[in-house]
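Asker: need coordinates for the following:
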Amino acid sequence: MRIRRRHALLVVTSLTALTLVPVAPAIATEVAPPQTVTTTVEGLRLATDPEGADVASDLQAVEPARTEPVVTEVSFSTIGLRLPPGLEELQIRTRDLDGVWNEWLDIDRVDAVLDGPDADSPEAATAASDVTEPIWVGPSDAFQLTFDADAVTCDGCDIGDQIEAILVDTLGANESTLAKVVRHLTPRPVVAPAEATAARPTIISRAGWGANESIRRGSPSYRTPTFAVLHHTAGSNNYTRAQSAAVVRGIYHYHAQTLGWGDIGYNILVDRYGQIFEGRFGGLDRGVIGAHARGYNTGSFGVSVMGNFDIADVPSAALESVARVSAWKYDVHGIDRSASRTMTVNGTRINTFTSHRNVGQTACPGRYLYARMGHLRSRIASLATGISPAGSTRFRDVPASHPHYTAIETIAVRRITEGCAPGFYCPSDPVVRAQMASFLVRALDLPAVSGTPFRDIDSGPHASAVASLAAAGITTGCEPRRFCPNAPVTRGQMATFIARGFEVPRTPSRFPDVPRGHTHDGAIGGLVEAGIASGYRDGSFRPSQPVTRAEMAAFLARALAWAAKQA
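Answerer: I've put the predicted structure just below:
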């Protein structure tokens, strides 16, 4: 392949997130929202030899080819690349803000077969396959690449035209001085990181490490895990304890946006100092399905140690934290803690504490960390009690095999329901109209309203919710000045409530038991068209049948998913 020397445009995307500012020992401050800056940088050219000739000036290309240094218009701390076909193995080095060039690091393309969401998951449709893994490089303002030029499959093309660098600044290096002063003077308190308990180690929450929830897409899915998968994040091991949260923010932005996974892929991250970070959204005490080991995400949780442990040994503090947080998760989900316990997943025999290497052709989690698998299994077995701690199962009457388990978990995580009693959801109980009001108000985040237009509900736990529904035009009551709060909600009424609240377009339904002119015909048809509701196998909709609490969860979860797609 002939490589021609010419100027090339390199698209550089910078995501700026800001550092955490503690305002009190028990309170962290909210991280300012990241700003996205897109710019172009001229000058990604092949480096020249001392005589001024191209390194790859003819068909006898020198391997590897090396670019000239690219000085960026913005500072960054995490970097990834979008690559042309065929270009798999690259090395990168970066220049720090003092002008010193760092060591060369391997930067690998994301393997769409091994990494990311499962093939049948919602995230799979938007997952990118032409990008590298993100690498933490610390505060930097320039980079340089080396690669095998002959690996590129485009004949006669300029490689520089086809490489895009994604730069992520999670240290606030590009934040203006004025913005920093204002942010430091006006801290906004958020929930502090979780404190340690007898069974649960100290875990830094998403709010604690500064997750910007506005970039997260989709809703979590759930399945009770039966095994764990160990990873490393690769990249540099050179980060300080104070920079660890920024490393996590960089991985989160890259996974959620560049890779198209909607959120960070790992459930848990552990830094080299032993700090534990909450990863994927949805609750660490829940069986959140991650995007860390393609084909093995469902039924597992992923723990990733931050660093490259193919080139360096694992600090003992990191190993101990991996063992402690894994043992806690084993107790929460009732996973067999035996170090020798094995199981078959996708036709592969694995241990209940396995590694990415054991479920795919990859070097992850690195040779040094992989060598500690036996130690970790024994340590987990000694730490786990084998007894699930009290309250670890949200609803005792909703097992993972329940057909509406995921929907119930979805609305529980969103604080739409807390169940019918401590530890119980009562999935088969009918939903009354007053309860429906509270479900909808929480789902729609409607403002509180004082007073009520209905004479049969002026007090009680659902009175304010009913008033809010009436003020929003979602209900006019069951008859003039009456709401009938204790009457069961029917499937037809439910359709109208949801259609009004979520503004679902109405369309005629096609059910024989919902004739034209039926009070709820348009709402039922609209929900079916939107995928929020469906009929029964016999072709009926049964609009007069009461809705159970489990069915209500399913309707609301689908409505929330539909609304998210419209946004």
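
Asker: pretty sure S75 contacts S140?
Answerer: Yes - taking C-beta atoms under 8 Å as the definition, S75 is a contact partner of S140 at 6.6 Å. C-beta here means a position set from N, CA and C on the backbone, and glycine is covered the same way.

Asker: joint contacts of these two?
Answerer: By the contact definition C-beta atoms under 8 Å, 6 or more residues apart in numbering, S75 and S140 are jointly contacted by L97.

Asker: wait, what's in contact with T78?
Answerer: Residues in contact with T78, defined by C-beta under 8 Å, 6+ apart, are 134-137, 167-170, 247, 250-251, 253-254.

Asker: phi and psi next, for it.
Answerer: phi -130, psi 140 (degrees, to the nearest 10).

Asker: just the pLDDT at it, thanks.
Answerer: The model reports T78 with a pLDDT of 88.

Asker: partners of it in the sheet?
Answerer: Counting by DSSP bridges, T78 forms beta bridges with W136, V168.

Asker: and if you look at R109?
Answerer: R109 forms beta bridges with T132, as assigned by DSSP bridges.

Asker: from W562, how far out is it?
Answerer: Applying C-beta to C-beta, to the nearest Å, the value for R109 to W562 is 35 Å.

Asker: the two: who's more crowded?
Answerer: R109 (19 against 16; other C-beta atoms under 10 Å).

Asker: surely the more buried one meets E88?
Answerer: Yes - using C-beta under 8 Å, R109 makes contact with E88 at a distance of 5.5 Å.

Asker: now T452: how far from R442?
Answerer: Between T452 and R442 the computed distance is 18 Å (C-beta to C-beta).

Asker: ignore the last one, G535
Answerer: To R442, G535 is 27 Å away according to C-beta to C-beta.

Asker: now do V466
Answerer: In terms of C-beta to C-beta, V466 sits 13 Å off from R442.

Asker: which one of these two is surrounded by more residues?
Answerer: Between V466 and R442, counting by other C-beta under 10 Å, V466 is the more crowded of the two (28 against 17).

Asker: need the pLDDT of the more buried one.
Answerer: Predicted confidence (pLDDT) at V466: the value is 91.

Asker: that one: helix or strand, and which one exactly?
Answerer: Using DSSP states H and E, V466 falls within helix 463-471.

Asker: return the set of buried residues in that helix.
Answerer: A463, S464, A465, V466, A467, S468, L469, A470, A471 (16 or more other C-beta atoms under 10 Å).

Asker: ok, now stretch 102-109?
Answerer: Buried positions in stretch 102-109, judged by neighbour count with 16+ other C-beta under 10 Å: N102, L105, D106, I107, D108, R109.

Asker: want to throw those into JSON lines with pLDDT?
Answerer: Output for these, formatted as JSON lines (pLDDT from 0 to 100):
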{"residue": "N102", "pLDDT": "90"}
{"residue": "L105", "pLDDT": "87"}
{"residue": "D106", "pLDDT": "85"}
{"residue": "I107", "pLDDT": "85"}
{"residue": "D108", "pLDDT": "81"}
{"residue": "R109", "pLDDT": "82"}
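
Asker: got TSV for those residues, with distance to T258 too?
Answerer: Below are those laid out as TSV (distance: C-beta to C-beta, whole Å):
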residue	distance to T258
N102	22
L105	18
D106	18
I107	13
D108	15
R109	13
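
Asker: for the stretch 301-450 of the chain, give me the ranges with low pLDDT.
Answerer: For the stretch 301-450 of the chain, applying pLDDT under 70 flags the ranges 385-393.

Asker: endpoints of stretch 394-410, how far apart?
Answerer: Taking C-alpha to C-alpha, to the nearest Å, stretch 394-410 runs 12 Å from one end to the other.

Asker: mind listing residues that contact it?
Answerer: Contacts with stretch 394-410, where a contact means C-beta under 8 Å, 6+ apart, come from 219-224, 282, 285-287, 412, 417, 419, 423-427, 550-551, 553-554, 556-558, 560.

Asker: quick check on those: which are buried?
Answerer: Among the contacts of stretch 394-410, those classed as buried by 16+ other C-beta under 10 Å are 219-224, 282, 285-287, 412, 417, 419, 425-427, 550-551, 553-554, 556-558, 560.

Asker: among these, which ones are in helices?
Answerer: A412, A550, E551, A553, A554, L556, A557, R558, L560 (DSSP state H).
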